[in-house]
Every structure is written in C-alpha cells, then in structure tokens.
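K.L.:
What follows is a predicted protein model with its sequence.
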Amino acid sequence: MPDMHVLAQAQPQQQAFNPYTENGGTILAIAGADFSVIAGDTRQSEGYSIQTRYAPKVFRLTDKAVLAVNGFAADGNMFVKKVRQRLEWYRHAHAKDMPIRAIARLIQTMLYSRRFFPYYVYNILGGIEEDGTGAVYSFDPVGSYEREACRAAGAAQSLVQPFLDNQIYFKNQTPASGTSFPRHLPLSTVLSLVIDSFTSATERHIEVGDGLEIYVVLSKNSPSIQGLRDIRVFSQQDPTTAQTTLIGTWSSGSRRVLTGPGFADPANMSFHYPETTGISYSFSADQFYEIARYRFNSNGSEPTCITGVIGWSHGKYQLNSNGSMSLTPLPDGFQQIQDPCAAVSNFIEDYRVTQELYQQWQIFVDPQAGPKLHLFQFDGAPLAPMFKVSETPNMLPTQLLRNTSSTDTAADPNSSSNVQRRSPSGAVGNLAGSVTAGLSGVVVVAFASLLL
C-alpha cells in the first residue's frame, strides 16, 4: 500500500493571490450650512514601510465638488481619473459642471458596475449643492452611499469618527439648561476640529502623518469666508512676510537635490547626479531664480522602461497680484533624458519655454522643519512640498552661462533647436500671453504639517 503521507504531500497546492493592498492614510469631510471641508493626510504606506510622504488623497473635481479617496492607492488614482473624464464629457455636452448630487449618483453607478471586482477604495464627496448648502456623501467600495453631516474613512477611522460624532452630532453630550446645540458649526470651529482630528490620529496611528491637505468649498461671497481669515492654525504667512521668506534655497524630500554649482555645469552641459531624486528652487531678492530637477518617470504599460530626467534652468521670476508666480527662463537651460526603450537612450537637449506659470504659491511654518513652500502648477496640481535649506540663495551666476544661437534666443516653439518636453514638474508650456487666475474663493486649498 502506498504511503498515504507521501500522497498527501504530492497533492497540488493552491497559491493564494490578492490583487489589493492597503496603503494607509485617513480622509474626512464635514458639511456646514454653506460650506464643506474635505481633508486627508499625505502618507502612503504598506505595512511598516512608508512608500512616500506626499501622496494626495483629496482631489478637486469642479468648482463645487471635491473627492477624497482612501484605500488601495492605485485603484484610487485610476478611479479619480475616470470620474474626472466623465465630468469632462458632461461639461463639453452641457456647457456647465455637473451638480454634486448628480456626481454622487455617477460615483455610485461607477462603483456598483465593478461590484464583482471592485475598486478597493472608500470615497467621500464634499461640496456645495445647487441651493448653496454644504453636502457630504460617503461611499463604500461597491457603491452604497448616503448623505451625511460628517464622515471619516481610512486607517484612523476608528479614532476619528467617534470624535466627529461627539463634536458634530453632539453624541453623549447634554446641552446646558435652556440652550440647544447648534445645527451647524461655523467654519473656523470646523477647521480647528479637522486639525485636532488629524493631530490626534498622527500621534496614535503609524499609517497617518507627514502632511495634511484641507480643501474648503464655499460659495462666492459666502459669510463663512471670514472663518478662513480668523483661523491661524495653519501658520500660513501673510503675503508680505512670505515674499521675504521666499528668498533663499528650497528643497524637497531628503533635500539632496540642491541648486548651485554642485548640481549642474552649464558651460559643459553636464550634471553632478544627486544621491536621490527631488526638486530644488532658489529665489533671490533681485527676482532671479534657479531650478534643479531630478526625476524618474514610470511607465505602466512597460515597467522596465523607466525614464530618468535631470534638468537645470534659471531666469527671472515675478510675483503676480492674483497670487500666481511667473518664471521667465534664460535660453541656456538644459536637461538630460535617459530612456532605455527609446531609439536614442541617452541625450542632452536644450530646455527652454517662453514661461513657467505657477497658479498659486504659499509658505507655511512647519513646527519642526520651519518654513515650507508649496507651489501649484498652471493646472492646479501641487508640486512636492519644499523646505528651506538656506536663507541665502545657492545659485550660479544669473547671466547667460553658455553660448546660444540668435535663433535660439527667440525661443521659437517650432524650432528644431528648441525641442519641448514636459518637465518633471509638469509646470511647463507655451504660456506667453495667457493668464491663469488663482482660486477665486470657490475652492480654497490649505496645508498644515503633521508631526511624524
């Protein structure tokens, strides 16, 4: 008789496969009488490993709707892209934005259509209804949803939601004799609650931290705008102070990428490669700037085709009255592209455009790291936050540092010597003569720092 133990060992073993993972982080939203506040931290992790300290979880959909997503980061990013695509179709077809109530139904339909292989994300939609009232809609991964006054989701939901129940719904509280609880809290109080919620969650949960993004959605000329003027918890500098603080050198992440002679040699069109990727900006008091960028761009369809881009440029900057920043590069900028899947795998080219426009810039004071610079590109997308590494700008000389032809100085976008590529920052384009206004008060973006 054969050995039954041997036969048992010979049986095929089914290998378990899970296409999902949990990337941590927390989101929340609170609806007021005529506003909504939507917030999320920026940490993305897996287990005990921090994948990145800046992974946005809150996304602007329209002037009156903001979507927060949390769960499996890849699913969340793809879902936001699909929602934005549907909203763009609607905008072209009807010449207006979709109302938030219709957006909620759209999201429900999209989630339910994937119920057998769902997006592993929890969504919270916040914004303003057509009648001007604040609204929050929460969704589970298969499309069940409801309108609520407040909702938290993500890694620290069990910590944050009871706090919101107590402070927003006034659960387990008894009003003083002859008084009643307010139906809606003022904006300044709501913002304080949001900050306190994430500060507490950061202290108690390892998957929450690094940064906090807060979106406030309100109608134009709303009286609640005073709540943004009154509150000071963000430690945001006023414009006059910020213009002075801007002068110096800033760097993102590990702060290994720095402008100056240690990064680029324009005369030889060569680079000194930093140990890690990142970006660095320097600004001088006489309105000169310098930028150093070092990035790797992934390719989802060809994972082995990772593109490396390192670039340097400098020129003059201008702080505009609408809160934006215009950069006018000199024509001696250059960049190196490494693409193992391209016909030419490694080449250096001129890097020049007529203008770089940043829709908005803000400086906040981090309680540990000091001043922190946030730049928003021409399309509103944020760059990685940068911390100040030097009060004195670390820059190469501010004049032309290599010879360029007379045709080059015209910066003709159709010139073969001016091959335009999208830079790692994405803030590049032929923007001469165009005007991109800052946020008009319909959606106000704010940042605060969380302790690590």
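P.N.:
Structure received. Numbering: from 1, shown residues only.
K.L.:
hey, let's count contacts and neighbours off CA atoms from now on
P.N.:
Fine.
K.L.:
helix, strand or coil for Leu400?
P.N.:
coil (DSSP: H, G, I helix; E, B strand; the rest coil).
K.L.:
surely it meets Gly333?
P.N.:
No - using Cα atoms under 8 Å, Leu400 is not in contact with Gly333, being 9.3 Å away.
K.L.:
which one of the two has more residues nearby?
P.N.:
Gly333 (23 against 15; other Cα atoms under 10 Å).
K.L.:
Pull the contacting residues for the closest residue to the more buried one other than its chain neighbours.
P.N.:
In space, and not counting its chain neighbours, Gly333 is closest to Ser313: 4.3 Å by Cα to Cα, 6 or more residues apart in numbering. Applying Cα atoms under 8 Å, 6 or more residues apart in numbering, we find Ser313 in contact with Glu290, Ile291, Ala292, Pro329, Leu330, Asp332, Gly333, Phe334, Tyr351.
K.L.:
ok, now Ile225?
P.N.:
Contacts for Ile225 (Cα under 8 Å, 6+ apart) come out as Leu187, Leu218.
K.L.:
Do you know the pLDDT at it?
P.N.:
Listed pLDDT for Ile225 reads 70.
K.L.:
sec struct for it, please.
P.N.:
Of the three states, Ile225 takes helix according to three-state DSSP.
K.L.:
ok, it to Ile206 distance?
P.N.:
According to Cα to Cα, to the nearest Å, Ile225 and Ile206 sit 34 Å apart.
K.L.:
same deal with Val217?
P.N.:
29 Å.
K.L.:
before we move on, what about Glu46?
P.N.:
For Glu46, the distance to Ile206 - Cα to Cα - is 11 Å.
K.L.:
neighbour-wise, which of those two wins?
P.N.:
Ile206 (19 against 13).
K.L.:
Could you verify that that one is part of a helix?
P.N.:
No - with three-state DSSP as the criterion, Ile206 is coil rather than part of a helix.
K.L.:
give me the number of residues near the closest residue in space to it that isn't next to it in sequence?
P.N.:
Spatially, and ignoring its direct neighbours in sequence, Ile206 is nearest to Tyr48 (8.0 Å; Cα to Cα, 6+ apart). Applying other Cα under 10 Å, we find 8 residues neighbouring Tyr48.
K.L.:
now swap in the one 5 residues further on and tell me
P.N.:
The burial metric for Arg53, expressed as a neighbour count using other Cα under 10 Å, is 18.
K.L.:
measure the closest residue to it other than its chain neighbours to Lys388 for me?
P.N.:
Closest residue to Arg53 apart from its sequence neighbours, by Cα to Cα, 6+ apart: Arg43 at 4.6 Å. To Lys388, Arg43 is 21 Å away according to Cα to Cα.
K.L.:
what's the answer for Ala16, then?
P.N.:
Ala16 is 47 Å from Lys388, by Cα to Cα.
K.L.:
Thanks again, I'm all set now.
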